[in-house]
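Enquirer: Mind folding the following:
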Amino acid sequence: MRKITVFILCSFLLFACNSNVTNNKISDLESLKLKSSFVDLEENNLDLSEFNNGKVVISYWATWCAPCIKEMPSIKRAEEILEDYGYSFLLVSDETISKISNFKNEMNFDLNFLKSSKSFETLGVYAMPTSYIFNENGEIVETIVGVVEWDSEEMINKLKKL
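Expert: Predicted coordinates for the structure are as follows:
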């Protein structure tokens, strides 16, 4: 009887703790990712508060990730299409700055590449590409795991409405 009581009490505490976590707003938990430390390719710290008045798409990627590379041209085209809608696209890797810079130069991509000072695992990013779309208030309004045709009519219309 005592074992059953202990089991029920432990189960109650476990679920009670979990319910507190799920009651928090997801955007509050996810916005911790936005507060990550980023540096540009010249090793300057990037203050993401510069983007507070606009919408931000942060795409986590790696130089060895073929699906990530596949979607980069469509990211550039979407960035150009959505220029008047206040969007900034930031491509973040946790690899070294020299590796990211070499990749950018070899591939000749004109995108906003950044380095995260935190590992993807620390940020809860386990698949690439993973993209987070933030509204003007810094809240995540969409999370996308996997390749996206960012410049497709469907995606452009979706981003315009966010």
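Enquirer: hey, where'd the helices end up in this structure?
Expert: Using DSSP state H, the helices of the chain run over residues 2-23, 26-34, 66-81, 97-107, 120-123, 153-161.
Enquirer: lowest-confidence stretch among the ones you listed?
Expert: With a mean of 33, helix 2-23 has the lowest mean pLDDT of the helices of the chain.
Enquirer: Look at residue 158 and say how many residues are nearby.
Expert: By other C-beta atoms under 10 Å, the residues close to residue 158 number 12. C-beta: built from backbone N, CA, C; applies to glycine.
Enquirer: whoops, residue 73 was the one
Expert: Taking other C-beta under 10 Å as the neighbour definition, residue 73 ends up with a count of 15.
Enquirer: which outside residues touch stretch 122-131?
Expert: With contact meaning C-beta atoms under 8 Å, 6 or more residues apart in numbering, stretch 122-131 is reached by 33, 36, 57-62, 65, 67-68, 71, 116, 120, 143-148.
Enquirer: Among those residues, name the ones in strands.
Expert: Among the contacts of stretch 122-131, the residues falling in strands (DSSP state E) are 57-60, 116, 143-145.
Enquirer: Return a PyMOL selection command for the buried portion of those residues.
Expert: Buried residues among those (16 or more other C-beta atoms under 10 Å), as a PyMOL selection:
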select buried, resi 57+58+59+60+116
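Enquirer: would you list the ones in strands among the contacts of stretch 122-131 in TSV and tack on distance to residue 124?
Expert: Compiled in TSV, these are given as follows (distance: C-beta to C-beta, whole Å):
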residue	distance to residue 124
57	17
58	13
59	15
60	10
116	12
143	10
144	15
145	11
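Enquirer: now, which of the ones in strands among the contacts of stretch 122-131 sits nearest residue 41?
Expert: Closest to residue 41 out of those is residue 116 (12.8 Å), distances taken as C-beta to C-beta.
Enquirer: I'd like the distance between the closest one and residue 110.
Expert: Residue 116 sits 21 Å away from residue 110, taking C-beta to C-beta, to the nearest Å as the criterion.
Enquirer: Equivalent analysis for residue 38, please.
Expert: The gap separating residue 38 from residue 110 is 18 Å, by C-beta to C-beta.
Enquirer: returning to what we had before: let's have the ones in strands among the contacts of stretch 122-131 in TSV, adding pLDDT.
Expert: Shown next, in TSV, are the ones in strands among the contacts of stretch 122-131 (pLDDT from 0 to 100):
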residue	pLDDT
57	95
58	94
59	96
60	96
116	93
143	93
144	95
145	96
